[in-house]
Each structure stands twice: as C-alpha cells, then as structure tokens.
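sequence first, predicted coordinates after that:
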Amino acid sequence: MDGELSIKDNILAGAQSTLDLIAKYETHDPKMRQSDLEELEREIAARDGWTLESRMQELATSLSVPDFSRLAGTLSGGEKRRVALCKILIDRPELILLDEPTNHLDTETIEWLEDYLNRQKCTCLFVTHDRYFLDRVCTRILELQNGVLYSYPGNYTEFLRQKAIREEIVQQNEEKRLAFIRREIDWIRRGPQARGTKSWSRIQRFNDAVNAAPPPVDREVELLMPPPAQFGDIIARLSDVSLERGGHSLFKGLSLNFTRGMRLGILGRNGLGKTSLLKVLLGELQPTTGNVRIGERVEMNYIDQHRTKLDDSKTVVEDIGEGNDYVMFGNRKVAVWTYLRRFLFQDEEITTKVGELSGGERNRLMLAKILKKGGNFLLLDEPTNDLDLSTLRVLEESLMNFTGCVAVVSHDRYFLNRVCTDILAFEGNGEIFFQHGDYQYYLEKRAERRQAALNAAGPAKPQPQKSVAKPQRVRLTYKEQRELEGMEAAIMEAEEKVAEFEAIFADPNFHQKYGTRSVELTEQMNAAKADVEAKYARWEELAAKAAAASN
C-alpha cells in the first residue's frame with residue numbers, strides 16, 4: 001500500500017480499472033456514438049461499478065477497517081492486512097491469490113472471510129497454515145513435499161485421510177523393495193555360473209531395486225522444553241483488574257486465578273487488550289485498578305508477537321549462543337549446533353544472518369531462543385504465525401505435555417482447540433468472558449448465551465400511540481408480523497441443524513462413516529451456518545421495523 005495515501009484511496013486503487021470506466025462514462029464526449037456509450041454502461045454494470053462506494057463501506061465494516069481518512073503509513077500490521085483485503089476484494093476479481101491471509105486477523109474476521117469466499121464464485125489460491133480455514137474453504141489442497149507437488153480433492157480433513165493412504169502405499173512399496181533385495185541377495189552372491197539372458201535381466205532388476213532411493217522422511221522439529229520448576233501455593237492471581245490506555249478502557253473487573261497445568265487461550269478482536277493483559281502479568285504494565293499477585297517461585301517466559309528479541313545483525317549461531325558454543329538446557333549443556341538442528345536449521349543456515357531468515361525460520365529461531373530458557377509459566381503472543389504444519393503439531397504436543405502454566409494469545413482456532421484447557425474471550429465493549437474447556441466448547445456456550453439473550457429480549461411489542469401528528473410510518477404487514485412471531489423458533493431450528501453437522505464432524509469415527517462425503521457435508525454445514533446468519537439478520541430487520549412503527 002501507499003503509506004502517503006488515505007485508507008480510502010488505497011482501497012479504491014484496487015478498483016482503478018472500474019473507476020476509469022466510470023470517469024470515461026461521466027466525462028464522455030457528447031459526440032460519442034450511442035452504441036459505444038451503451039456498451040460502456042453495460043461494462044460498468046457488469047462490474048457492479050455503480051455500487052462501488054456501498055461495496056467499499058460494506059467490506060470496511062465487515063473487516064473493521066479504521067477511519068477512511070487515516071494515512072496507510074500510520075496503520076499497524078493487522079490494520080494493514082484488513083485494508084489490503086478490502087483492496088483486493090472490492091473489484092470482485094475472478095482469481096484471488098492470498099499468502100497467509102489469516103495472520104494478524106481475529107477469529108471473527110477470519111470467520112467472515114471464510115463465509116465471504118464460500119459465497120463468491122471466484123477461484124482462490126492461497127497459502128495458509130490455518131487448519132480451520134483449510135477445512136471450511138478448500139475444495140482442493142496442493143501439498144509441496146520434498147520437491148514434489150501432490151494434489152488432493154477436498155478440505156483439510158479429507159487431505160489428512162488421503163495423505164495417510166498415500167504414505168501407507170509408499171511404505172508398502174518400500175517394504176516390497178527391501179523384501180525383494182533380501183530374497184535375491186543370496187542368489188547374486190553365488191556368482192555368475194550359467195547365467196543366461198534371463199539371469200542378466202534378474203540382475204538388472206536387483207540393481208534397480210538396490211539403487212532406488214528410499215522414500216524421503218519428513219524432518220520434524222524436536223521441540224523439547226526444560227522441565228519446569230515447581231510452583232508455590234500461588235501462581236498468578238488477578239483480582240478485579242481494570243486497564244486503561246490513552247484514556248480508553250480496555251477491560252475492567254477481571255478476576256482470574258491460574259492453577260497448575262492451566263493452559264489459557266486468550267482470543268478476541270485486535271486492539272481489545274489481549275497483549276496488554278500479558279504485559280500486566282509480566283509487570284510491564286500496571287493495572288489502572290485492582291491487584292495482580294504473582295507467586296514467588298514463578299519463572300515467566302515470554303514469546304513476543306513481533307519477535308523483537310531477535311538480533312538481525314547477528315548470525316543464527318551467535319544469536320542463540322550469546323557468545324558461547326553451548327546452551328544451557330535445564331541443568332545440562334547442549335552444543336549450539338546440536339540444539340539448532342533440533343529446530344531444523346542446517347549447517348549453512350546456522351551461519352546465516354538473522355535478518356536474512358524467512359518468517360518461518362525466524363519463528364523457529366524465536367522458539368529455540370525462548371524455550372531454552374525454560375520457565376514454569378509461558379506467555380505466548382501469536383506463536384503460530386508463519387509456522388509450518390509440522391512445527392505447529394510439535395508445538396501443540398509439547399505444550400499439551402508441559403506441566404507448568406501457559407497463557408497464549410492466538411487466533412488459530414485449531415491450535416486453541418488442541419492445546420487449551422480454558423478460554424478467556426475479549427468480546428468487545430470491555431466485556432471479557434471466561435470459559436472452562438476448549439475453543440469449540442466456548443463457541444457452544446457463547447451460542448447458548450446469545451440464544452438466552454434473544455429469548456429474554458423477545459419480539460418487539462407495539463407501544464401505545466401518542467395523540468400527536470406523525471409522519472407516515474412503514475408498518476409490518478400481516479405476513480411480516482407472523483414471520484417475526486415465528487422467527488425465534490426458526491432461528492433455534494436453524495442452529496440445531498448446524499449443531500447436528502458439528503456433531504457429525506466431531507464424531508471420532510467420522511472418516512469411516514462419512515469419509516467419501518466430507519466435501520458435501522462441509523458445504524451443507526456452511527450453508528446451514530449462512531442460513532442462521534441470514535435469519536438473525538432478518539429478525540433484526542423485522543424487529544427494527546416493528547420498533548420504528550411503534551414510535
């Protein structure tokens with residue numbers, strides 16, 4: 001984006017060709033032939049050019065884009081990502097290329113993007129490690145492995161099933177190759193007596209089998225964590241904590257007690273105070289009100305969202321070794337090169353400058369640098385950004401086996417589901433909701449809370465009319481009134497349908513029962529969710545109309 005231009009100008013630049021057509025139409029030569037003018041108008045209409053402004057406003061609202069007048073150069077990374085998405089979507093392209101589109105986006109925005117892409121008729125090619133996104137959006141997955149590109153129809157769940165089958169076939173072929181070599185090697189050793197044409201053919205088959213390369217083995221990060229020190233009676237306790245920054249209240253009335261083995265997932269839209277909460281725990285920010293008590297035996301370890309603790313001027317080995325040729329891993333010494341190889345750094349990469357590393361390599365180095373310090377309370381701010389799926393799985397398993405405490409800010413829903421024992425959700429307007437269980441359980445309870453609020457509110461009731469002259473009002477028709485009265489039941493029925501699909505996908509035997517129908521079921525579940533959203537929108541529309549008619 002152009003940092004010198006406003007947000008609005010940057011977004012509209014994504015539809016420059018359409019804007020050029022509109023400008024040509026509005027300033028056309030009076031002598032222009034009528035047929036040419038009509039053709040120009042048809043082309044603008046085909047691009048939905050006349051709705052450009054309203055479409056920009058709709059996208060900006062859905063993606064929570066900041067004020068249009070702000071300069072793009074003043075935006076944060078997450079804000080720039082939102083503006084960039086508006087810029088590429090506004091002209092409704094036929095082909096969209098996205099590189100890690102969900103990085104720096106909150107869960108609500110990611111869910112909106114998933115629904116948007118599922119509704120569009122465009123082709124979309126994207127690189128992502130967001131497994132929920134892959135499950136909800138993909139119709140085909142391309143996997144690049146050891147220089148070979150494999151293609152799998154279906155979503156991420158179907159990809160895992162088909163990949164397992166492919167790898168099983170590869171392994172069976174390898175076992176057959178080794179068995180053939182074992183059978184033939186004694187005959188080969190007996191010498192060349194009486195070998196005819198068939199014998200030489202047999203020798204050739206043996207040589208081909210011996211020279212065939214075994215299937216490549218995927219390297220995985222060996223993510224080991226030093227055993228955490230024992231806690232005292234108190235780990236971390238927040239009592240009625242509130243925090244204000246720049247005169248703006250981020251959250252208030254937060255009381256939270258960390259216990260042994262607790263892995264707290266912190267989620268919510270950007271700018272609501274999630275990272276600030278971690279800094280309150282670290283003591284870098286003082287709460288506006290309330291009390292924070294950290295146990296005496298707590299050793300905190302913090303992985304920063306922006307990876308600011310890496311020194312770009314040093315080589316990888318210099319940054320991790322800090323002047324030594326070893327690192328202390330718990331109570332023992334480990335050679336720096338040995339330690340870095342656990343994180344998949346090859347010899348030539350170990351001597352590379354940190355500033356020349358890719359995003360994924362920087363993230364692995366950050367993990368290596370932070371985790372060697374140990375600690376019994378890990379504070380992780382967006383640790384999954386730029387990590388490949390293999391490293392993600394290892395990180396998840398390491399955290400699940402970690403016996404200390406973890407507080408992790410993340411928008412990776414798959415990660416939150418696997419790792420977290422509790423969820424702390426920043427839901428906007430200073431509201432924070434704590435829920436025991438994983439991310440999926442939090443979603444279920446959030447739906448129940450919203451349903452309870454809907455039940456408590458009920459349909460809007462007409463108010464007595466005042467005997468004063470009023471302008472003409474738009475009233476509900478009889479059909480709309482009946483629709484409004486039945487909307488609550490319709491929403492509940494639609495949500496039950498979504499719950500049925502979610503139960504199917506949560507079935508441990510899903511692959512055996514529904515493996516061949518995974519794409520079909522995913523499409524049906526997405527349609528069911530879209531139906532719920534449409535019914536909520538219709539209910540709000542009718543309720544607002546009823547309220548307006550009663551005033």
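Yep, it's here.

need the contact list for residue 453.
Applying CB atoms under 8 Å, 6 or more residues apart in numbering to residue 453 gives no contacts. (Each C-beta comes from the backbone N, C-alpha and C, glycine too.)

mind telling me what element it is part of?
According to DSSP states H and E, residue 453 maps onto helix 439-457.

swap in residue 238?
Going by DSSP H and E, residue 238 is in strand 236-245.

all the helices of the stretch 201-350 of the chain, residue numbers only.
Secondary structure of the stretch 201-350 of the chain (DSSP state H, counting those that start in this stretch): helices located at 274-282, 316-321, 336-341, 347-350.

tabulate those in JSON lines, adding columns for mean neighbour count.
Output for those, formatted as JSON lines (neighbours: other CB atoms under 10 Å):
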{"stretch": "helix 274-282", "mean neighbour count": "20"}
{"stretch": "helix 316-321", "mean neighbour count": "20"}
{"stretch": "helix 336-341", "mean neighbour count": "18"}
{"stretch": "helix 347-350", "mean neighbour count": "13"}
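
show me the shaky parts of the stretch 451-551 of the chain.
Within the stretch 451-551 of the chain, the stretches with pLDDT under 70 are 458-482, 508-512, 515, 519, 548-551.

got it, and the stretch 101-250 of the chain?
Scanning the stretch 101-250 of the chain for pLDDT under 70 picks out 191-198, 217-225.

cutoff 80 now
Applying pLDDT under 80 to the stretch 101-250 of the chain flags the ranges 104, 146, 187-200, 215-229, 246-247.

the strands in it, which residues?
Under the criterion DSSP state E, counting those that start in this stretch, strands of the stretch 101-250 of the chain are mapped to 123-127, 140-145, 148-153, 236-245, 248-258.

so residue 410 makes contact with residue 263?
No: checked against CB atoms under 8 Å, the pair residue 410 and residue 263 is beyond contact range at 11.1 Å.

can you count the residues close to the closest residue in space to residue 506 that isn't next to it in sequence?
Distances taken as CB to CB, 6 or more residues apart in numbering place residue 440 nearest to residue 506, at 7.6 Å, with adjacent residues excluded. Using other CB atoms under 10 Å, the number of residues around residue 440 comes to 14.

for residue 238, same thing?
19.

using CSV, list the CA coordinates for the helix holding residue 453.
C-alpha atoms of helix 439-457 as CSV (Å, rounded to 0.1, in the frame of the first residue of the first chain):
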residue,chain,number,x,y,z
TYR,A,439,-12.4,-23.3,21.9
GLN,A,440,-15.3,-25.4,20.5
TYR,A,441,-16.9,-25.6,23.9
TYR,A,442,-16.6,-21.9,24.3
LEU,A,443,-18.4,-21.4,20.9
GLU,A,444,-21.2,-23.7,22.1
LYS,A,445,-21.6,-21.7,25.4
ARG,A,446,-21.4,-18.4,23.5
ALA,A,447,-24.3,-19.6,21.3
GLU,A,448,-26.3,-20.5,24.3
ARG,A,449,-25.7,-17.1,25.9
ARG,A,450,-26.8,-15.4,22.7
GLN,A,451,-29.8,-17.6,22.5
ALA,A,452,-30.7,-16.8,26.1
ALA,A,453,-30.4,-13.1,25.4
LEU,A,454,-32.6,-13.5,22.3
ASN,A,455,-35.2,-15.3,24.4
ALA,A,456,-35.1,-12.7,27.1
ALA,A,457,-35.5,-9.8,24.6
